[in-house]
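K.L.:
Next come a sequence and a model predicted from it.
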Amino acid sequence: MTHSRLVSNLASDGRERSDFPVVCESCLGDNPYVRMIRADFDKECFTCCRPFTVFRWKPGRDARYKKTEICQTCSKVRNVCQVCVLDLHTGLPVQVHNTALGVNPNDAVLPKSDVNREYFAEEYDRRVRASGIIDPYEQEYGKARTNDTILKLQRTTPYYQRNRAHVCSFYTRGQCTRGAECPYRHEMPITGELANQNIKDRFHGVNDPVALKLLRKAREMGSLEPPEEESIRTLYVGGVVDGRVSEQDLRDCFWVHGDIESIKIVGQRGCAFVTYTTRDGAEKAADELCNTLVVKGLRLKLAWGRPQAPRVQDEGVSGQPEAAYGGWFPQQDKSDVAQQYYYMPPPPSQGGTSLYPSMDPQRMGALVE
């Protein structure tokens, strides 16, 4: 049997052995140097009740210790993290994927009886080994298809606040005496629907309060209403920062909805303006990309452009409009131009009296005989 550094290897006893967990970037932490503690068969999986290899680590300096909660087999079936049981690519609960894709939660992936769960897990692992793919991250385990709801709610950046320390139970009762040395958070716990979370419900996609909150948020997201002025064919794109998004990247996202007239990126303001040749193309892009525009991992904001105010040209003495000023610096008021020059004395008179300071022999220490 081929052994891999990253792949779980099942022995003849049917127990899972692995050298590295299947975790998301948020649970792994922002520290590139992570020291993990591995314990073989230290715990039973919350879903299939099989013993598996448990990993424990500290994802950050001010974070709490985290450990794997489900086995790698269950993680691969749902394509979820072994710690937070959220999707590895979108960071969303299983219930959100099931609702967006129209999957019935009663059609469980894993059997409910102990014997059938054991057989299902062993058969799944056997198919994985027979596929010939050594790296488990190269397989399409349980990756969900793309959907508008998923694109609206998916997380594009890691959420490290999930790794914060737990709330100090002694502080909630007013009995904590450790002060700043206490490794737990000194704040009152959050009460409400989010306080009742369960790993099994999140894995099977039923009665998950986090998923219900996200689905309500998706329903409340509105669409872009086109402006009444028909001449507006420009869309505003916000969040273009750090120079990561180029003009070609925006063109690849917007050209499928219509012919593009111009794309202008304003780097100082972190935004861009996409102008279509027709109004229909702009309306189609606004409907399709509203709340779903993600470029190179950045979630961009989309809005309609505003009409530009007409420029007022100054009229000269003859009554004709003057030419527009095209300089780099702001145009100055002509009435104040004469006041900005230094004072210059009048020229010397015909009598020969020197009036210029440079012509006075008594200046600059000169001696007069």
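P.N.:
Structure's in. What do you need?
K.L.:
now for the helix or strand hosting Val115, which elements pack on it?
P.N.:
Using DSSP states H and E, Val115 sits within helix 114-130. Helices and strands touching helix 114-130, by 3 or more Cβ pairs under 8 Å, 6 or more residues apart in numbering; DSSP states H and E, are strand 9-10, helix 72-78. C-beta here means a position set from N, CA and C on the backbone, and glycine is covered the same way.
K.L.:
want to throw these into a markdown table with mean pLDDT?
P.N.:
Formatted as a markdown table, the helices and strands packed on helix 114-130 follow (pLDDT from 0 to 100):
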| stretch | mean pLDDT |
| --- | --- |
| strand 9-10 | 47 |
| helix 72-78 | 86 |
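K.L.:
could those go into CSV alongside mean neighbour count and distance to Thr90?
P.N.:
As requested, the helices and strands packed on helix 114-130 are arranged in CSV below (neighbours: other Cβ atoms under 10 Å; distance: least, Cβ to Cβ, whole Å):
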stretch, mean neighbour count, distance to Thr90
strand 9-10, 16, 29
helix 72-78, 24, 12
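K.L.:
TSV for those, including distance to Ser26?
P.N.:
Formatted as TSV, the helices and strands packed on helix 114-130 follow (distance: least, Cβ to Cβ, whole Å):
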stretch	distance to Ser26
strand 9-10	27
helix 72-78	15
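K.L.:
which one of those lies closest to His186?
P.N.:
helix 72-78 (34.0 Å; Cβ to Cβ).
K.L.:
how far does the helix or strand that that closest one is followed by sit from the chain's center?
P.N.:
Next in sequence after helix 72-78, counting helices and strands by DSSP H and E, comes helix 94-101. Distance of helix 94-101 from its chain centroid, counting by Cα atoms, centre = their mean, to the nearest Å, is 21 Å.
K.L.:
need the helices for the stretch 201-350 of the chain, in chain order.
P.N.:
For the stretch 201-350 of the chain, the helices defined by DSSP state H, counting those that start in this stretch occupy 209-220, 247-254, 279-289.
K.L.:
For the last one, name the packing helices and strands.
P.N.:
What that stands for is helix 279-289. Secondary elements touching helix 279-289 (3+ Cβ pairs under 8 Å, 6+ apart): strand 234-238, helix 247-254, strand 271-276, strand 301-304.
K.L.:
Using a markdown table, lay out the ones you listed together with distance to Phe20.
P.N.:
Listed next are the helices and strands packed on helix 279-289 as a markdown table, based on distance: least, Cβ to Cβ, whole Å:
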| stretch | distance to Phe20 |
| --- | --- |
| strand 234-238 | 39 |
| helix 247-254 | 33 |
| strand 271-276 | 40 |
| strand 301-304 | 37 |
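K.L.:
nearest to Thr177, of those?
P.N.:
Across the helices and strands packed on helix 279-289, Thr177 has its closest neighbour in strand 301-304 (47.5 Å, Cβ to Cβ).
K.L.:
Disregarding residues adjacent in the polypeptide, which is nearest to Leu151?
P.N.:
Thr292 (3.9 Å; Cβ to Cβ, 6 or more residues apart in numbering).
K.L.:
For Ile150, see how far away the one you found is.
P.N.:
9 Å (Cβ to Cβ, to the nearest Å).
K.L.:
cool, Leu302 as well?
P.N.:
Separation of Leu302 from Ile150 (Cβ to Cβ): 18 Å.
K.L.:
What of Asn104?
P.N.:
From Asn104 across to Ile150, the span is 18 Å (Cβ to Cβ).
K.L.:
Of these two, which one has the most company?
P.N.:
Neighbours were counted for Asn104 and for Ile150 using other Cβ atoms under 10 Å; Ile150 has more, 21 against 8.
K.L.:
element containing that one, please.
P.N.:
Counting by DSSP H and E, the element that carries Ile150 is helix 148-153.
K.L.:
Show me what that helix is packed up against.
P.N.:
Counting by 3+ Cβ pairs under 8 Å, 6+ apart, helix 148-153 packs on helix 94-101, helix 209-220.
K.L.:
would you turn the ones you listed into JSON lines with mean pLDDT?
P.N.:
Supplementary listing: the helices and strands packed on helix 148-153 in JSON lines, determined by pLDDT from 0 to 100:
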{"stretch": "helix 94-101", "mean pLDDT": "86"}
{"stretch": "helix 209-220", "mean pLDDT": "87"}
